[in-house]
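Participant: requesting a structural model of the entry that follows:
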Amino acid sequence: MNTKNFVLIILSCLVLVISGCSKEQDTSSTNSNTKSATSSMAGLPEKVDPALASAGKAVYEQNCVFCHQADAIGKPGFAPSLTNQEFLRVSSDKFLMATIRDGRAGTGMPPFSHLGRKDVESIVAYLRDHATQANISAQVDAQPRSQGDERLGRFWFDSICATCHGTNGDGYIAGSTGTAIGKAGFLDKATDGFIRETIKVGRSNTRMIGYSGPEAMANLSDGDVDDIIAYLRTVPSK
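Facilitator: Reported below is the predicted structural model:
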């Protein structure tokens, strides 16, 4: 092999090595940028139109503040918090708007359909403006329906849930400290995923603690939680 050919072979190898390194760096850079973009979006609340939220605050203070209190923090045994972070995280706009519009029959929550869609949307925007976490309601609502055993669910409900929510989940109106989760007004709008996530995670700064995990008061299995949901679905018919 002459010197000229040898040099050409060496140069070709160097080109291949440099090209490979360049591609690896480009791929690494792309992956890094992708991870960075994903991380920057994770956990962020949705943006709210400031003007709509401001209008919603005015409507809220004219109609809702008397029960749900300033900043919608709620009052134990009287009205739930509407700005609790776990609640806002799993509640869809559809769920919030339908609840405001229709109220909850058999509870102290009357319908506010007279406000009209625009004002109801503004109240939802006002509530959303308090969020500090990303909304995951789409994923939560897409969870499969419970296939639990209602008979086992009644045991868990009577043992754990009825203490705060009352017999058959009658809530405040029956003198309980928890909300009326056994009423059709709630169950017709709440998906199984919404109920499942609430039982597992709970609601911070309220008496609704999480019931899933080793640090929970009662480490319910996924099956136990679905049993409770299956039982709840039978309650309004009683």
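Participant: tell me where the model's unsure across this protein.
Facilitator: 1-42, 215-217, 237-238 (pLDDT under 70).
Participant: against Ala162, how distant is Gly77?
Facilitator: The spacing between Gly77 and Ala162, counted by Cβ to Cβ, to the nearest Å, is 15 Å. Every C-beta, even on glycine, is put in place using the N, C-alpha and C of the backbone.
Participant: before we move on, what about His68?
Facilitator: 24 Å.
Participant: now Gly182
Facilitator: Applying Cβ to Cβ, the value for Gly182 to Ala162 is 9 Å.
Participant: look at His68 and Ala162 and report which has more neighbours.
Facilitator: His68 (21 against 18; other Cβ atoms under 10 Å).
Participant: so who does the more buried one touch?
Facilitator: Applying Cβ atoms under 8 Å, 6 or more residues apart in numbering to His68 gives the contacts 60, 74-75, 79-82.
Participant: excluding its backbone neighbours, what's nearest it?
Facilitator: Distance criterion Cβ to Cβ, 6 or more residues apart in numbering; nearest residue to His68, sequence neighbours excluded, is Ala79 at 4.8 Å.
Participant: and the one you found, bridged to which residues?
Facilitator: Lys75 (DSSP bridges).
Participant: contacts only, for it.
Facilitator: Ala79 makes contact with 67-69, 108-109, 172, according to Cβ under 8 Å, 6+ apart.
Participant: same check, this time on Gly169
Facilitator: Residues near Gly169 by Cβ under 8 Å, 6+ apart: 157, 161-162, 180-183, 232, 235.
Participant: and those as a markdown table, adding distance to Arg117 and secondary structure?
Facilitator: Conversion of those to a markdown table gives the following (distance: Cβ to Cβ, whole Å; DSSP: H, G, I helix; E, B strand; the rest coil):
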| residue | distance to Arg117 | secondary structure |
| --- | --- | --- |
| Phe157 | 36 | helix |
| Cys161 | 34 | helix |
| Ala162 | 37 | helix |
| Ala180 | 25 | coil |
| Ile181 | 27 | coil |
| Gly182 | 29 | coil |
| Lys183 | 24 | coil |
| Leu232 | 30 | helix |
| Val235 | 31 | helix |
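Participant: just checking, what packs against the helix or strand where Thr163 lies?
Facilitator: Counting by DSSP states H and E, the element that carries Thr163 is helix 162-165. The contact analysis (3 or more Cβ pairs under 8 Å, 6 or more residues apart in numbering; DSSP states H and E) places helix 162-165 against no helix or strand.
Participant: for whichever helix or strand comes after that helix, list the C-alpha coordinates in CSV.
Facilitator: Scanning forward in sequence from helix 162-165 by DSSP H and E, the next helix or strand is helix 184-187. Output of helix 184-187 as CSV, limited to C-alpha atoms (Å, rounded to 0.1, in the frame of the first residue of the first chain):
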residue,chain,number,x,y,z
ALA,A,184,-77.8,11.6,41.7
GLY,A,185,-76.8,15.3,41.2
PHE,A,186,-73.2,14.3,41.9
LEU,A,187,-73.1,10.7,40.6
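Participant: now do the next helix or strand after helix 184-187: which elements does it pack against?
Facilitator: Counting by DSSP H and E, the element after helix 184-187 in chain order, helix or strand, is helix 192-201. The contact analysis (3+ Cβ pairs under 8 Å, 6+ apart) places helix 192-201 against helix 85-90, helix 137-141, helix 222-232.
Participant: buried set for the first one?
Facilitator: It stands for helix 85-90. Buried residues in helix 85-90, counting neighbours by 16 or more other Cβ atoms under 10 Å, are found at 86-90.
Participant: so what's Asp129 up against?
Facilitator: Residues near Asp129 by Cβ under 8 Å, 6+ apart: 48, 50, 53, 56.
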